[in-house]
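Peer 1: Coordinates for the following, if possible.
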Amino acid sequence: MLGTFLSMNAVLFYTFFEGSLIPMYFMIGVWGGARRIYATVKFFIFTMAGSIFMLLGIIALMYLTTTLPGGQMSSNITDFYSLKILFVANEFFNTQTLIFFAFALAFAIKVPIFPFHTWLPDAHVEAPTAGSVILAGVLLKMGTYGFLRFVIPLFPEAAEQWSWIFMLVGAFGIIYGALVAMVQPDMKKLVAYSSVSHMGYVMIGMFAMNVYGVTGALYQMLNHGISTGALFLLVGMIYQKTHSREIKDYGGLASAAPLFTIAFIIVSLSSIAVPMTNGFVGEFLILLGTFMANKTIAYFSVVGVVLGAVYMLWMIKRVFFGEEKGVVLEHKKEGLDLSRREAIILIPLIILIFWMGLIPNQYFHWSKASVDHLIKNRTNYQLIEEGSAHAGSN
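Peer 2: Residues are numbered from 1 along each chain as shown. Predicted structure coming up:
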């Protein structure tokens, strides 16, 4: 995964992008739940199928680099940025649009956005806790990173013309993910569908293609990894003690596990995007940027904020409050509250939730120059590797 984010060569990027499937395949397939083989094969096939189109896109771009001065075929991403790829407005069958959709499909499956999302809930539910945290925290961001590194700067005209598709699908995913999460009987599956909903916000922010939207999308990528990753950790911790994730098996957990309840509610408030938490900053900027780009999409997306509060608070009410029953009574004597080890794992994440919610400028400081450069120079985006710049000056 680190190789994916650090690669400045498209072939190397593709190698790492696909290579991340292998450890994840074994993580789910060996240590997963009862339907682990189904989930891991589905995850593998979905991602592989999308990536084949990206490979074709990379080959096409390498062929086009022969038109650059020097006439050499190159897979260096900085050479890709120097290309002027043919684009014809309002026509689908032109070079830029076709390669744009080849890359966009691969990254859309990885994010995943509706209707390519079906592998994610299965993978999350069957994965061990560590696998779910890696999926939510880093693996999904390889898709959104791909949109920012390749799709928008390489194919600016196509991205602008077809942005409405990704904003529409993103908004639909926000509402769809929230509605499906609302009816889930399994806590882990509820969090998995909330993940589909939250990644919809990242998509609409990126394709708003203004400073507010892209900054919010970048921030929400970090927020999602922290809040949803922490939710998966919490669900895994209680499952380890009660061996049940069914919401109906719980009730009155707050009295049996007060520290666990406090941690769960704080992380849930971050997921809901309550002010002073990190989720609020990201979603506010995304909705502001989306409103500036497309008011209708922004209106629909706001509904997802309300629905997010509904499914999370309803789950909290059923699991933590009311009379003690089910697995809470059964395992109360064994101790259901946070152990010292579990507290040490969660405390840094809770600190980050408030730190990023109250002092976001410390993080925006690092992304501001890059986002400004991308938005202002979208149709003539250039990226110079630092080493190359020094070599040239020498």
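
Peer 1: Surely N76 touches M8?
Peer 2: Yes. In this structure N76 lies within contact range of M8 using C-beta atoms under 8 Å: 6.7 Å. In short, each C-beta sits where N, CA and C put it, glycine included.

Peer 1: So what touches stretch 199-206?
Peer 2: By C-beta atoms under 8 Å, 6 or more residues apart in numbering, the residues outside stretch 199-206 that reach it are 111-114, 140, 144, 147-148, 152, 166-167, 169-174, 177, 213-214, 216-217, 220-221, 224, 282-283, 285-286, 289-290, 297, 301, 304.

Peer 1: Also stretch 107-123?
Peer 2: Against stretch 107-123 from outside (C-beta under 8 Å, 6+ apart): 17, 28, 35, 38-40, 42-43, 46-47, 49-50, 54, 131, 135, 139-140, 142-144, 146-147, 150-151, 166, 169-170, 172-173, 176-177, 189, 192-193, 195-196, 199-200, 202-203.

Peer 1: Next: stretch 50-69.
Peer 2: By C-beta under 8 Å, 6+ apart, stretch 50-69 touches 10-11, 14, 17-18, 72-75, 79-80, 82-83, 85, 95, 99, 101-103, 105-110, 116, 154.

Peer 1: Could you pull up the residues touching A102?
Peer 2: 53-54, 56-57, 60.

Peer 1: Tell me which of these fall in helices.
Peer 2: Judged by DSSP state H, the contacts of A102 include 53-54, 56-57, 60 as members of helices.

Peer 1: Which residue ranges of the stretch 51-200 of the chain form helices?
Peer 2: Taking DSSP state H, counting those that start in this stretch as the test, the helices found in the stretch 51-200 of the chain are 77-81, 95-110, 119-126, 129-134, 141-146, 152-154, 156-182, 187-208.

Peer 1: Tell me which other helices or strands the lengthiest helix in the chain touches.
Peer 2: Criterion DSSP H: the longest helix present in the chain is helix 211-242. Under the contact criterion of 3 or more C-beta pairs under 8 Å, 6 or more residues apart in numbering; DSSP states H and E, the helices and strands touching helix 211-242 comprise helix 129-134, helix 141-146, helix 187-208, helix 258-272, helix 278-293, helix 327-331, helix 340-358, helix 361-376.

Peer 1: mean confidence for the second one?
Peer 2: Along helix 141-146, the predicted local confidence has a mean pLDDT of 92.

Peer 1: again with the last one
Peer 2: Helix 361-376 shows an average pLDDT of 87 in the prediction.

Peer 1: For the closest residue to T290 other than its chain neighbours, what is the enclosing helix or strand?
Peer 2: In space, and not counting its chain neighbours, T290 is closest to A298: 4.3 Å by C-beta to C-beta, 6 or more residues apart in numbering. For A298, the enclosing helix or strand under DSSP states H and E is helix 295-320.

Peer 1: how much distance is there from that helix to the middle of the chain?
Peer 2: Averaging C-alpha coordinates over helix 295-320 and over its chain gives two centres that are 18 Å apart (C-alpha atoms, centre = their mean, to the nearest Å).

Peer 1: Let the chain start at 143 from now.
Peer 2: In the new numbering, first residue 143, that becomes helix 437-462.

Peer 1: got the buried residues for that helix?
Peer 2: Of the residues in helix 437-462, 439-440, 442-444, 446-447, 449-451, 453-454, 457-458, 461-462 count as buried by neighbour count, 16 or more other C-beta atoms under 10 Å.

Peer 1: From the contact counts, what lies against it?
Peer 2: By 3+ C-beta pairs under 8 Å, 6+ apart, helix 437-462 packs against helix 298-324, helix 329-350, helix 395-398, helix 400-414, helix 420-435.

Peer 1: between those helices, which gets nearest to R483?
Peer 2: Closest approach to R483 among the helices and strands packed on helix 437-462 (C-beta to C-beta): helix 400-414, 12.9 Å.

Peer 1: contacts for that closest one?
Peer 2: Outside helix 400-414, the residues that reach it (C-beta under 8 Å, 6+ apart) are 336, 340, 365, 368-370, 372-373, 376, 379-380, 395-396, 419-421, 447, 450-451, 454-455, 458, 462, 478-480, 485, 488, 491-492, 495, 499.

Peer 1: Now the buried members of the contacts of stretch 192-211.
Peer 2: Using 16+ other C-beta under 10 Å, the buried ones in those are 152, 156, 159-160, 216-217, 221-222, 224-225, 227, 237, 241, 243-245, 247-252, 258, 296.

Peer 1: one step back: hey, which of the helices and strands packed on helix 437-462 is tucked in deepest?
Peer 2: Comparing these by mean neighbour count (mean count of other C-beta atoms under 10 Å), helix 329-350 ranks first with a mean of 27.

Peer 1: and the angle from that one to helix 261-268?
Peer 2: Relative orientation of helix 329-350 versus helix 261-268 (axes from the mean of the first three to the mean of the last three C-alpha atoms, to 10 degrees): 150 degrees.

Peer 1: quick one: helix 329-350 to helix 353-384, angle?
Peer 2: Helix 329-350 and helix 353-384 are oriented at 170 degrees to each other (the same axes, to 10 degrees).

Peer 1: Only alpha carbons, please: show helix 329-350 as CSV.
Peer 2: Provided in CSV are the C-alpha atoms of helix 329-350 (Å, rounded to 0.1, in the frame of the first residue of the first chain):
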residue,chain,number,x,y,z
MET,A,329,-23.2,-4.2,13.8
LYS,A,330,-20.2,-4.9,11.5
LYS,A,331,-22.3,-4.9,8.4
LEU,A,332,-23.9,-1.6,9.5
VAL,A,333,-20.5,0.0,9.8
ALA,A,334,-19.5,-1.5,6.4
TYR,A,335,-22.5,0.1,4.6
SER,A,336,-21.8,3.4,6.5
SER,A,337,-18.3,3.2,4.8
VAL,A,338,-20.0,3.1,1.3
SER,A,339,-22.0,6.1,2.3
HIS,A,340,-19.0,8.1,3.6
MET,A,341,-16.9,7.3,0.5
GLY,A,342,-19.7,8.9,-1.5
TYR,A,343,-18.8,12.2,0.1
VAL,A,344,-15.2,11.9,-1.0
MET,A,345,-16.3,11.4,-4.6
ILE,A,346,-18.6,14.4,-4.8
GLY,A,347,-16.0,16.6,-3.1
MET,A,348,-13.3,15.5,-5.6
PHE,A,349,-15.5,16.0,-8.7
ALA,A,350,-16.8,19.4,-7.4
